[in-house]
Structures are given as C-alpha cells and as structure tokens.
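Q: 3D model of this:
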Amino acid sequence: MQGRSGDQRDLLDVESVAGHLLRPGSVFAFLAGHRRELFPDELFADLFPSGRGRPSVPADVMAAVIVLQALHGLSDAETVDAVTFDLRWKAACGLPVTAVGFHPTTLTYWRRRLAGSDRPNRIFEAVKVVVAQTGALTGKTRRALDSTVLEDAVATQDTVTQLIAAIRRVRRQVPGAAAVIAEQCTAHDYDDPGKPVIAWDDEQARAALVDALVGDAHRLLGHLPDAELGPPAAEAVALLALVAGQDVEPVAGSDGTDGRWQMAWRIARRVAPDRVISVHDPDARHAHKTVSRRQDGFKAHLAVEPDTGLITGCRLTAAAGADASEATIGVELLTDEPVIGEPVIGEPVIGDSGRLGRLQVLADSAYGTGEMLAALAAAGHEPIIKPWPLRPPVPGGFTIDEFTVDEAAGVATCPAGHTRPINRSRQVVFGAACRGCPLRARCTTSRTGRSLKLRHHDALTRAHRRRATDPAFQALYRQHRPMVERSIAWLTRGNRRLRYRGTAKNNTWLHTRAAALNLRRLLALGLTRTANGWALA
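A: Below is the predicted model:
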C-alpha cells in the first residue's frame, strides 16, 4: 500500500533543527520546504492500487530522492548512503537525524513501478507543470534542438564473444535448449563464459573458430523444440539469430579431401549499419557524431528554450537508425508546443494549414532534411536551421542550386541553358548535352556528363538555402543556437555514461535528469511558492 508522510515533525527533524543552514535557492532547500506540493501523494496513487500490505516509503520522499539522485549522478548504493549520512538529503526528504536509510533495492522497485505505469515520466511532467505556471516560457518563441551521445553501461563485444554469450543465454532461457547444445554444439565449452583458448595470432585458427561458432548457432536454432515461447525465451532466440548473421558472410571452399565444395562462414568485410554491439544490452549501438569520432551507446535528443536554458522536451533513442535520426525525433519533440505567436525575422513559412509560424526552431545541419523542413512548415514553425553544405562534383564548380528546376513543367535547366526532363525516379540526365559544353570543366568530370538526383521537397530545401544567406538569419542563428550547448553540458556533466541497460530505462532516467536540471534552473530564475501557485520572483 502507499505510504504517506505524517503532518507531525519528529523531534530531531533535520529541516526544523538545521534547515536554516541550507543554502537559499538550492534544490535541497526547495525540496525541504515544497516537496509535498511538487509531488503530492495523488501523483503516485495509481502505483499502489491495493490498500493492503506494508506501507511504502512515502511518495514525496522517494520522488525527492529520485530527483536528487539524478541531479548528482549517484548509484543506488551511493544514494542510500547520502540519505543516511548527509543532513542536506535528510532535510530535503523531511527525515530526522536518526532515520535509517532504506535498502538500495527500494529504488529499483520504484523505477520498475514507474516504468510499468501509464506515465513513466511523471516527475518530468510535474516539473513541466511548474514551468508552465511560472510563465517562464511566456513569449519565448524559440526552441533549439540538439542531440548528444550517452555511453552505454556495458562493454562492446566482438563477434566471438557475442556468439558465445547469445548461445549461453538461449541455454538459460529456452526450455530444452541445454540438451540441444550438449548434442549439437561442439565449438566451445558453453559452461565457460570466456573465449576459447586458441592461437589468436593464427588467422586460420581464428577463421575456423568463427566458422564453428556460427555453425553451432545455426544447428541450435534448427534443432530447438517446436514450442510456443514466452517473451524472454523468444527474445533470446531472436537475438541469437541476429548475432549469428550480422557480422559474418558465407564463403565457398573445398573440404580438402575429395574436391567437394562446402559452405563456410567468415567475418564479413563490412559493418552492419544497425549492428548490435553487446548481447547484454541489445539496444546499444555504434554512433558517429563526427566522421572521426565514434562512440557506443544511445542518443539523447533535447528541445531547449535558449534564453532560459529550460528543457521543454527530451527523448532517448538508439544511437543509429532512421527512427532515431535528429530530424525525426526533433519534429516529435515540438508536437506538444502551444500556439505562441509569429516569427520574428524573415518571411514566415506558410504551412498546409495556412497558419503562420508559431516557433522559431534553431538547429544544426543534422536537422536540415527536406522532411524536417516540410514537417515544420506543416506545423507552422519557422526553421532557423543551418542548411546541409553543398559539395559540387568539381571543386569551385556548379552546385545543384545553380540548376533551375521547374517542378510544374517537370524539367531542369543547367547553367549552360540545356534543359532535360525529370524522370520518374527524380533524376535528370544531361548526357550528350555536356559534349563540347564550354562550362563542362566547371560542372562535371564524368564521361557520361552531369546528372542530378532531386530529392523530395527539393523546392523547399532550395528556398531554405536561399533564406539562410540572409544576414539577419545568420545573426539569429549565431546568437541563439549555441545556447543549447549549455544545456547539453549541464545534462552530461558527470553523467556521460549511463547506469542502466535498454532504451526504456535510460529514457526514464533522461527525463528525470531533465526534471532535476529544470528545477535547479527555475530556482536560479527565482522560483517561489505563492498563494496562487508557482511563480518567479
């Protein structure tokens, strides 16, 4: 059943005895005085539908602890120690000096309850309500979008380690798999979680091991009992199938005896675009924020009001994949924004609904896709987004913007005045028109002449690139876009490496971290409690 904080204070209540020592405007002082207004019992009532059983730790206490844990980046054990021995934490939670801290698994229990509820991010939503009541965002018509890579909590595994770990997981979770492995799988002793003992500097030995392990995986998958599998077992089988195919490729070769050919497996001469990097956290991925810098983990997406630094929306996704692209998530983070006026500079974008721009959206070129620009136009937002750089085929030559495209007529004209049709795949081939053209040296080095590949929303991206040359556009971008880096720095300071496995758990942590940062930022702006609710002093 749900526990509730009592109205009567203990004789040695820290806030009563030493509350005056808390730094004014700190999160500790704020929670000591207002945690019950910020996190009322009703906010968590659905987590405890039964009225029977031992009362839980009071909801306002646990919510305060979860916020402080996210703010300071502590583990569960470190958090319990802080609640037990740090008087600031005791004051923030309304505990007496002699209070004994709860067991660290209590935090795990609460995270599980929140994750399984209809509103796993309710702490972030509660702080968002405070932001709305204070009017901190009133008249703030700009949002800056950005993303950053957060490192996963597991070690990146190579192909051999993943195959062994995946087979061992199937043995643990799939009924009947242990007998199949004992009979069919001979490449490794699967009681041993480590790598086989081979001559690792011998290329042929490594190749033979990879072939044998992939063969074990295929035989295991082929001989598993034909039965209905529950979620854990089905996930283990699916993961083994994925691991057994993502890093290897078939190669034909002779068996060396009778000249007959057989199929073998080797490490593929490529990297799968959506490669699983660890069987212990199948959601983690390789990420490339730049061409030269690679990280492993997840991607945190933020929408920030650049003047106040308040995080208005956030999402944690896999670090790779079309569904996790900046443009895709960026549009989703703006969907809950209210209608708040018109853009400040430039020509307003008229969307399909005919509404004028509601927000100025500032972002780098990762968000400058045609789909993103079209979605912002449809929503009535004004993009202040750095365009994708254009790279001409010839250094210093003609870019695609120097070709005139007439979508209505379905033709494109090159700088030399040659006109060609746009075919069904939206390609324009100039071909023979390039022969003897005096401008060819500035246009293409291809023997077959210049060709264009027009993307969807080509007209929209062209118009956006022209608009981005406006000095007022550039000044606004330089003034407000870098402010999101400040919020990114706050988010990642001491918390670049995640503590949990999987997208869902880490997404909940991200929202809690954002809630703690927003609360701290509101306090810096003068957050106070009045008779009418929350306000800024």
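Q: following element in sequence after the lowest-mean-pLDDT helix or strand in the chain, please.
A: Every helix and strand in the chain was compared by mean pLDDT, DSSP states H and E; the lowest is strand 248-254, with a mean of 74. As assigned by DSSP states H and E, the chain's next helix or strand after strand 248-254 is strand 261-267.
Q: what pLDDT is listed against Gly357?
A: pLDDT, the model's per-residue confidence, is 46 for Gly357.
Q: what secondary structure does Gln295 sit in?
A: In three-state terms, and counting by DSSP: H, G, I helix; E, B strand; the rest coil, Gln295 is strand.
Q: quick check: it vs Ser75, distance?
A: Distance, Gln295 to Ser75, using CB to CB, to the nearest Å: 22 Å. Yep, even glycine has a C-beta here, placed from its N, CA and C like the rest.
Q: who has more neighbours, the two?
A: Between Gln295 and Ser75, counting by other CB atoms under 10 Å, Gln295 is the more crowded of the two (19 against 12).
Q: ok, now which ones touch Trp110?
A: Met62, Ile66 (CB atoms under 8 Å, 6 or more residues apart in numbering).
Q: can we see that at 6 Å?
A: When the contact criterion is CB atoms under 6 Å, 6 or more residues apart in numbering, the partners of Trp110 are Met62.
Q: all helices of the stretch 201-350 of the chain, in order?
A: 203-223, 231-246, 326-333 (DSSP state H, counting those that start in this stretch).
Q: most packed of these?
A: Highest mean neighbour count among the helices of the stretch 201-350 of the chain (mean count of other CB atoms under 10 Å): helix 326-333, with a mean of 20.
Q: from the contact counts, what lies against it?
A: For helix 326-333, there is no helix or strand it packs on, judged by 3 or more CB pairs under 6 Å, 6 or more residues apart in numbering; DSSP states H and E.
Q: just the CA atoms of it, as PDB, please.
A: This file holds the C-alpha atoms of helix 326-333, laid out as PDB (Å, rounded to 0.1, in the frame of the first residue of the first chain):
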ATOM      1  CA  GLU A 326      17.700  14.000 -35.400                       C
ATOM      2  CA  ALA A 327      15.100  15.200 -37.900                       C
ATOM      3  CA  THR A 328      12.600  12.500 -37.000                       C
ATOM      4  CA  ILE A 329      12.800  13.000 -33.200                       C
ATOM      5  CA  GLY A 330      13.200  16.800 -33.500                       C
ATOM      6  CA  VAL A 331       9.700  17.100 -35.100                       C
ATOM      7  CA  GLU A 332       8.200  14.900 -32.400                       C
ATOM      8  CA  LEU A 333       9.700  17.000 -29.600                       C
END
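Q: check the offset of stretch 400-420 from the chain's centre.
A: 40 Å (CA atoms, centre = their mean, to the nearest Å).
Q: list the buried residues for it?
A: By neighbour count on 16 or more other CB atoms under 10 Å, the buried set for stretch 400-420 is Ile400, Phe403, Val405, Ala412, Thr413, Cys414, Ala416, His418, Arg420.
Q: got it, and stretch 494-510?
A: Within stretch 494-510, the residues that count as buried by 16+ other CB under 10 Å are Asn495, Leu498, Arg501, Gly502, Thr503, Lys505, Asn506, Asn507, Thr508, Trp509, Leu510.
Q: quick one on the thing from earlier: dump the helices of the stretch 201-350 of the chain to JSON lines, plus distance to Pro393 and mean pLDDT.
A: Compiled in JSON lines, the helices of the stretch 201-350 of the chain are given as follows (distance: least, CB to CB, whole Å; pLDDT from 0 to 100):
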{"stretch": "helix 203-223", "distance to Pro393": "40", "mean pLDDT": "93"}
{"stretch": "helix 231-246", "distance to Pro393": "34", "mean pLDDT": "93"}
{"stretch": "helix 326-333", "distance to Pro393": "25", "mean pLDDT": "91"}
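Q: low-confidence stretches in the stretch 251-400 of the chain?
A: 252-262, 289-292, 336-357 (pLDDT under 70).
Q: going by residue numbers, what spans are strands in it?
A: Using DSSP state E, counting those that start in this stretch, the strands of the stretch 251-400 of the chain run over residues 261-267, 285-288, 294-304, 311-318, 360-363, 382-385.
Q: out of the ones you listed, the one nearest Gly396 is which?
A: Across the strands of the stretch 251-400 of the chain, Gly396 has its closest neighbour in strand 382-385 (25.7 Å, CB to CB).
Q: what's the closest of the strands of the stretch 251-400 of the chain to Thr108?
A: Nearest of these to Thr108, taken as CB to CB: strand 311-318 at 19.0 Å.
Q: which strands border that closest one, and is each parallel or antiparallel?
A: In the sheet, strand 311-318 lines up against strand 294-304 (antiparallel) (DSSP bridges).
Q: tell me the angle of the partner strand relative to helix 326-333?
A: Angle of strand 294-304 versus helix 326-333, following axes from the mean of the first three to the mean of the last three CA atoms, to 10 degrees, is 30 degrees.
Q: starting at the chain centroid, how far to strand 294-304?
A: A distance of 5 Å separates the centroid of the chain from that of strand 294-304, by CA atoms, centre = their mean.
Q: stretch 35-48 now?
A: Averaging C-alpha positions (CA atoms, centre = their mean) puts stretch 35-48 28 Å from its chain's average.
Q: list the buried residues for it?
A: For stretch 35-48, burial by neighbour count (16+ other CB under 10 Å) applies to Arg35, Arg36, Leu38, Phe39, Leu43, Phe44, Leu47, Phe48.
Q: residue contacts, Gly101?
A: Taking CB under 6 Å, 6+ apart, we find Gly101 in contact with Val80, Val83, Thr84.
Q: leaving out the residues flanking it, which one is nearest to it?
A: If you skip the residues right next to it in sequence, Gly101 has Thr84 as its closest partner in space, 3.5 Å away by CB to CB, 6 or more residues apart in numbering.
Q: then Pro387?
A: Spatial nearest neighbour of Pro387, chain neighbours left out: Arg465 (4.6 Å); criterion: CB to CB, 6+ apart.
Q: picking that back up, I'd like the buried residues of stretch 35-48 as a markdown table, with distance to Ala244 and secondary structure appended.
A: As requested, the buried residues of stretch 35-48 are exported to a markdown table (distance: CB to CB, whole Å; DSSP: H, G, I helix; E, B strand; the rest coil):
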| residue | distance to Ala244 | secondary structure |
| --- | --- | --- |
| Arg35 | 51 | helix |
| Arg36 | 54 | helix |
| Leu38 | 50 | helix |
| Phe39 | 47 | coil |
| Leu43 | 46 | helix |
| Phe44 | 44 | helix |
| Leu47 | 40 | helix |
| Phe48 | 44 | coil |
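Q: what's the closest of those to Gln133?
A: Taking CB to CB as the measure, Gln133 lies nearest Leu38 of the buried residues of stretch 35-48, at 11.2 Å.
Q: follow-up on the earlier one: pick the one among the buried residues of stretch 494-510 closest to His280.
A: Arg501 (6.8 Å).
Q: that closest one in helix, strand or coil?
A: Classification of Arg501 using three-state DSSP returns coil.
Q: what's the end-to-end length of stretch 462-478?
A: End-to-end distance for stretch 462-478, by CA to CA, to the nearest Å: 21 Å.
Q: how about it: buried residues?
A: For stretch 462-478, a neighbour-count test (16+ other CB under 10 Å) marks Arg462, His464, Arg465, Arg467, Ala468, Phe473, Leu476, Tyr477 as buried.
Q: off-centre distance for it?
A: Distance of stretch 462-478 from the chain centroid (CA atoms, centre = their mean) equals 28 Å.
Q: so for that stretch, mean pLDDT?
A: Stretch 462-478 comes out at a mean pLDDT of 94.
Q: so what's Ala524 up against?
A: Per CB under 6 Å, 6+ apart, neighbours of Ala524: none.
Q: please read the previous query as pertaining to Val279.
A: Contacts for Val279 were tallied using CB under 6 Å, 6+ apart; they are Gln162, Ala165, Ala166.
Q: the same query, at a cut-off of 10 Å, please.
A: Residues in contact with Val279, defined by CB atoms under 10 Å, 6 or more residues apart in numbering, are 154, 157, 161-169, 236, 239-240, 242-243.
Q: so Arg391 sits against Thr399, correct?
A: Yes. With contact defined as CB atoms under 10 Å, Arg391 counts as touching Thr399 (7.7 Å).
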